[in-house]
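**Q** would you be able to build a 3D model of this:
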Amino acid sequence: MLVAHNASFDVGFLKVWSQIYGLKFAYTYIDTLPISRFLFKDLKKHKLDTIAKHLNLPAFSHHRASDDSKVLCEIFKIMQERLKAEHKIENISKINEAIAGDFNYKTARPAHQIILVKNYEGLKNLYRLISISHLEHYYKRPRILKSLLLQHQDGLILGTACDAGELHTAVREGRPFDELIKIADFYDFLEIQPVANAAHLVRSGQVENEDKLRQINKTIVSLGQKIKKPVVATGDVHFLNPEDEVYRRIIMSGQGYADAEEQAPLYLRTTEDMLQEFSYLGQEKAFEVVVKNTNLVADMCEEIRPVPQGNFPPSMDRAPEDLEEMSRQRAQEIYGSPLPDIVRERLDKELSSVIGHG
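**A** Got it, this is the predicted structure:
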């Protein structure tokens, strides 16, 4: 049994290096981060040193492995006592049940996904989800809750997205195959992307090397075969041409990203580029994910105009009359009555344009 704070981060490294040294990683682990959010709701931050200070534990050298381990042990002992005393929780499964029932979208780890519109019902649902995410669930960025997505899923097509997506992350973390199937089954199509897109995972040590990234893609392909869902090779395109990365670099630098200079090649690749990229899957499978399944998903979508042609002014009783009356009254207050010809002519022109076009 392992106990860690923000366990997914540490466990990810442990799994990678266990694999490098040929060791089996089959440990159950407890993450004290969600437990802290569950028990200490008054805390704005849940860093290890913040929790220790909140619990009046002695000062320690934060980010030194031995000191962090010792203080985490003391924190976990207090957590166990409070879980038992305040919530009657005495085993791991009960911890999970309690935390799951105490969901807070602000502290949940968000995941990327791709949402495509199949028809006009889907377009309406997408607009609804976007509006709710901005108005009701905005925290640092707009968030679409999975529960709401399930309510408004009609007419939408869901893809697993990039290495920040739920499925890629789960494969990378070494989740059991049955769990991966459950995650993948939520989506309409699974995505694999060029290894260079996720090179930052290798640089940060979260993934051993590029071969491991290819293995992750192969696992996703096997998941698609298992649950009979199309696997599509996508590019996570953020700009058109390779040289256009400079604009994204500028934006990311302004947002404070430390690796802004290490831009992934997120340009629009040609079909030949993509076939070459995924040649390690074999010629037939590469053609399937690059060409066949891409067209399959595209054919699911009707031709849709995000904004219909025409003008759609709001309908309000006496709006044209009231606007003209208030405008002329205000103009007379400023310029006198009768209005000078130059003012009257300009006012007639502006009112005609506004009223005539809504």
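**Q** buried residues, the lowest-mean-pLDDT helix or strand in the chain. List them.
**A** Between all helices and strands in the chain, the lowest mean by mean pLDDT, DSSP states H and E belongs to helix 92-100, at a mean of 77. The neighbour-count criterion (16 or more other Cβ atoms under 10 Å) identifies 95, 98, 99 as the buried residues of helix 92-100. From N, CA and C alone the C-beta is placed, and that goes for glycine too.
**Q** CA atoms only: put stretch 120-130 into CSV for me.
**A** Backbone C-alpha positions of stretch 120-130 (Å, rounded to 0.1, in the frame of the first residue of the first chain) are rendered in CSV as follows:
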residue,chain,number,x,y,z
TYR,A,120,-28.7,20.9,-36.1
GLU,A,121,-29.9,19.3,-32.9
GLY,A,122,-26.3,18.7,-32.0
LEU,A,123,-25.4,22.3,-32.9
LYS,A,124,-28.1,23.5,-30.5
ASN,A,125,-26.8,21.2,-27.8
LEU,A,126,-23.2,22.3,-28.3
TYR,A,127,-24.2,26.0,-28.0
ARG,A,128,-26.1,25.1,-24.9
LEU,A,129,-23.1,23.3,-23.3
ILE,A,130,-20.7,26.1,-24.2
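**Q** and residue 286, how many neighbours?
**A** Per other Cβ atoms under 10 Å, the neighbour tally for residue 286 reads 18.
**Q** so who does it touch?
**A** Shown in contact with residue 286 (Cβ atoms under 8 Å, 6 or more residues apart in numbering): 233, 275, 278, 279.
**Q** strands of this structure, start to end?
**A** 2-4, 29-31, 114-117, 138-139, 141-142, 156-159, 190-192, 231-233 (DSSP state E).
**Q** select, out of those, the one closest to residue 332.
**A** Each of the strands of the chain was checked against residue 332 via Cβ to Cβ, and the shortest separation belongs to strand 138-139, namely 45.3 Å.
**Q** what mean pLDDT does the closest one get?
**A** Model confidence over strand 138-139, given as mean pLDDT, is 92.
**Q** repeat for stretch 5-12
**A** Computed over stretch 5-12, the mean pLDDT rounds to 83.
**Q** likewise for stretch 349-358?
**A** 85.
**Q** who touches that stretch?
**A** Residues outside stretch 349-358 that contact it (Cβ under 8 Å, 6+ apart) are 311, 312, 313, 314, 320, 323, 324, 327.
**Q** can you give me the pLDDT of the second one?
**A** As summarised for this prediction, residue 312 has a pLDDT of 77.
**Q** sorry, back to before: including distance to residue 62, could the strands of the chain go into JSON lines?
**A** Rendered in JSON lines, the data for the strands of the chain read as follows (distance: least, Cβ to Cβ, whole Å):
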{"stretch": "strand 2-4", "distance to residue 62": "15"}
{"stretch": "strand 29-31", "distance to residue 62": "18"}
{"stretch": "strand 114-117", "distance to residue 62": "38"}
{"stretch": "strand 138-139", "distance to residue 62": "26"}
{"stretch": "strand 141-142", "distance to residue 62": "28"}
{"stretch": "strand 156-159", "distance to residue 62": "40"}
{"stretch": "strand 190-192", "distance to residue 62": "38"}
{"stretch": "strand 231-233", "distance to residue 62": "43"}
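**Q** any chance of those in CSV, plus mean neighbour count and distance to residue 107?
**A** Below are these laid out as CSV (neighbours: other Cβ atoms under 10 Å; distance: least, Cβ to Cβ, whole Å):
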stretch, mean neighbour count, distance to residue 107
strand 2-4, 16, 17
strand 29-31, 17, 12
strand 114-117, 18, 23
strand 138-139, 12, 9
strand 141-142, 12, 14
strand 156-159, 18, 24
strand 190-192, 26, 27
strand 231-233, 24, 32
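**Q** out of the ones you listed, which is closest to residue 150?
**A** Taking Cβ to Cβ as the criterion, residue 150 comes closest to strand 156-159 out of the strands of the chain, the separation being 10.4 Å.
**Q** which strands and helices sit next to that closest one?
**A** Packing partners of strand 156-159 (3 or more Cβ pairs under 8 Å, 6 or more residues apart in numbering; DSSP states H and E): strand 114-117, helix 120-135.
**Q** contact partners of that strand?
**A** Everything outside strand 156-159 that qualifies as a contact, by Cβ under 8 Å, 6+ apart, is 113-118, 122, 125-126, 149, 186-191, 232, 234, 297, 300-301.
**Q** returning to that earlier point: closest one to residue 46 among the helices and strands packed on strand 156-159?
**A** For these, distance to residue 46 was read as Cβ to Cβ. The smallest value, 24.0 Å, belongs to helix 120-135.
**Q** most widely separated two among the contacts of residue 286?
**A** 233 and 279 (11.2 Å).
**Q** between the two ends of stretch 229-247, what distance do you get?
**A** Stretch 229-247 has an end-to-end distance of 36 Å (Cα to Cα, to the nearest Å).
**Q** got it, and stretch 284-299?
**A** Looking at stretch 284-299, the gap from its leading to its trailing residue is 21 Å under the measure Cα to Cα.
**Q** ditto for stretch 308-327
**A** When the end residues of stretch 308-327 are compared by Cα to Cα, they are separated by 31 Å.
**Q** now it, how far from the centre of its chain.
**A** Stretch 308-327 sits 40 Å away from the centroid of its parent chain (Cα atoms, centre = their mean, to the nearest Å).
**Q** give me the contact list for it.
**A** Where contact means Cβ under 8 Å, 6+ apart, the residues beyond stretch 308-327 that reach it are 347, 351, 354, 355, 357, 358.
**Q** pull out the buried positions in it.
**A** Per 16+ other Cβ under 10 Å, stretch 308-327 contains these buried residues: residue 324.
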